[in-house]
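S.K.: Fold the following, please.
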Amino acid sequence: MEQKIETTKIALFKGKKIRKTIHQNEWWFSVVDVIAALTDSANPNDYWYKMKIRIKDEEKIELSTICRQLKLESSDGKKYETDCANTEGIFRIIQSIPSPKAEPFSFFRHCEESRQRSGTTKQSNHG
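M.R.: So this is what the prediction gives:
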């Protein structure tokens, strides 16, 4: 019997849906969904658009270069190309969001970076 690998999922962060998909063997997350979860913005698409301009002006960084347009299912059931970022990219984007909700992500990122620098990794017993 052939098993179908599920390549799309919905993650939840504080009750907010964050669409994600596997692309090139890693998870990629909907940037707009992450922004919606962290900012409670009425228009997360507009927030993302303005944020890209602000970061480009302030830091001379093009956030869109760390994103890929991947097809994710929308609320109407159709798939549309959506700005997505892998784990590293989404953490970079989160760093630019002034929100107390982003602090747990920043703390987790700091812990991950510290662990990687020290060469320590968690071993899973589920292998």
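
S.K.: Please report how far the nearest residue to residue 99 once chain neighbours are set aside lies from residue 28.
M.R.: Distance criterion CB to CB, 6 or more residues apart in numbering; nearest residue to residue 99, sequence neighbours excluded, is residue 38 at 4.7 Å. Any C-beta I mention is one placed from the backbone N, CA and C, and that applies to glycine too. Look at residue 38 and residue 28: by CB to CB, to the nearest Å, they are 17 Å apart.

S.K.: what's the answer for residue 71, then?
M.R.: Counting by CB to CB - residue 71 and residue 28 are separated by 11 Å.

S.K.: any shared contact partners between the two?
M.R.: residue 21 (CB atoms under 8 Å, 6 or more residues apart in numbering).

S.K.: more neighbours, those two?
M.R.: Set residue 71 next to residue 28 and count neighbours by other CB atoms under 10 Å: residue 28 wins out with 23 against 14.

S.K.: so which strand or helix has the residue nearest to that one when sequence neighbours are not counted?
M.R.: Spatial nearest neighbour of residue 28, chain neighbours left out: residue 84 (4.0 Å); criterion: CB to CB, 6+ apart. Per DSSP states H and E, residue 84 falls inside strand 79-86.

S.K.: continuing past that strand, what's the next helix or strand?
M.R.: Counting by DSSP H and E, what follows strand 79-86 is helix 87-95.
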